[in-house]
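1. here is a sequence together with a model predicted from it:
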Amino acid sequence: MRYTHRAPARALLTLAAAGAALLTAAPASAHVHVDADDAHPGGTAVLTFRVPGESEKGALTTQFSVALPNVASARTELMPGWTARLDRDSAAGTVRSVTWTAAPQVGISPEQFGLFRVSVTLPNQDDVSFPATQTYSDGTVVRWDQPPLPGGGEPEYPAPELSLTGAPEAAHAPAPAPQATTAAAPAAEPAGRADNGARWLAGGALALAAVAVAVALIGRRRA
């Protein structure tokens with residue numbers, strides 16, 4: 001009787017395919033990403049770029065640059081060990097890009113990731129793409145600037161993208177000038193009510209006077 005080993009062979013092929021899928025999917029989760037809370041068209045938001053170290057040779061990420069399309073203003077967060085430089089377009093009144101550079105002996109290793117934050121005034125559009133460049137200590141340059149593939153697929157080096165929510169933020173109207181207010185004078189008491197009060201006071205005084213006279217007369221008679 002002859003025995004076959006097709007079932008174990010198929011199992012091995014299935015495991016190998018699953019392992020290959022995991023290996024190919026792992027780099028996709030390590031792409032450069034951008035996040036922002038409460039980001040609206042035309043509003044101000046803090047962009048956080050998550051940059052992983054991906055060098056297979058153990059090189060450090062020593063520089064990270066991001067293009068800021070149609071961004072009117074930008075301000076970087078203080079980051080120990082790194083310096084930030086803004087490239088401005090004075091004629092257009094916009095900020096072209098921001099570049100972070102690591103100090104000597106500083107960088108992002110393959111087992112680490114870095115968070116780079118910049119506060120910007122967002123453009124009035126629904127989606128914003130931020131092409132980025134990652135430079136390693138061995139001179140390797142990786143450009144994260146590829147648009148999404150037709151049909152919604154992800155390219156090998158996708159550009160970080162941010163979807164903005166809500167309607168464009170309206171320009172802030174100047175606050176109205178405070179108006180001077182005059183305290184209203186107390187209303188005058190009706191004439192009839194004032195006369196009645198005077199009459200009651202006069203009547204009370206006469207009654208007290210009569211009582212005083214009666215007491216005096218009684219005292220004289222007893223004397």
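-> Ah, there it is.
2. which residue ranges of this protein form helices?
-> Assigned by DSSP state H, the chain shows helices spanning 6-25, 191-222.
3. mean pLDDT for those: which is lowest?
-> Per-stretch mean pLDDT for the helices of the chain is lowest at helix 6-25 (a mean of 43).
4. now the residue nearest to A84 when sequence neighbours are not counted: how far from A132?
-> Spatial nearest neighbour of A84, excluding adjacent residues (C-beta to C-beta, 6 or more residues apart in numbering): T76 at 3.9 Å. Backbone N, C-alpha and C define where each C-beta goes, glycine included. Separation of T76 from A132 (C-beta to C-beta, to the nearest Å): 15 Å.
5. so between these two, which is more surrounded?
-> A132 (22 against 18; other C-beta atoms under 10 Å).
6. so who does the more buried one touch?
-> 32, 49, 51, 64-67, 143-145, 159-160 (C-beta atoms under 8 Å, 6 or more residues apart in numbering).
7. now, among those, which is nearest to V98?
-> V66 (5.6 Å; C-beta to C-beta).
8. give me the number of residues near that closest one?
-> V66 has 24 nearby residues by other C-beta under 10 Å.
9. confidence score at the nearest residue in space to Q112 that is not next to it in sequence?
-> Closest residue in space to Q112, ignoring its immediate chain neighbours: G53 at 5.4 Å, by C-beta to C-beta, 6+ apart. On the pLDDT scale, G53 is placed at 95.
10. likewise for H5?
-> On the pLDDT scale, H5 gets 47.
11. before we move on, the earlier item: out of the contacts of A132, which comes closest to R88?
-> Nearest to R88 among the contacts of A132, with distances taken as C-beta to C-beta, is A67, at 13.1 Å.
12. and the closest one, how many neighbours does it have?
-> Counted by other C-beta under 10 Å, the residues lying close to A67 total 18.
13. got a list of what it touches?
-> By C-beta under 8 Å, 6+ apart, the contact set of A67 is 96-97, 130-132.
14. ok, now V71?
-> For V71, the contacting residues are 94-95, 120-123, by C-beta under 8 Å, 6+ apart.
15. go again using 7 Å as the cut-off
-> Counting by C-beta atoms under 7 Å, 6 or more residues apart in numbering, V71 touches 94-95, 120-121, 123.
16. in strands, which of the contacts of A67 fall?
-> Mapping the contacts of A67 onto strands (DSSP state E) picks out 96-97, 132.
17. save those as CSV, and put in distance to G153 and pLDDT too.
-> Converted to CSV, those look like this (distance: C-beta to C-beta, whole Å; pLDDT from 0 to 100):
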residue, distance to G153, pLDDT
R96, 29, 96
S97, 27, 97
A132, 20, 98
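18. can you put those residues in CSV and add distance to L115?
-> Shown next, in CSV, are these (distance: C-beta to C-beta, whole Å):
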residue, distance to L115
R96, 22
S97, 18
A132, 14
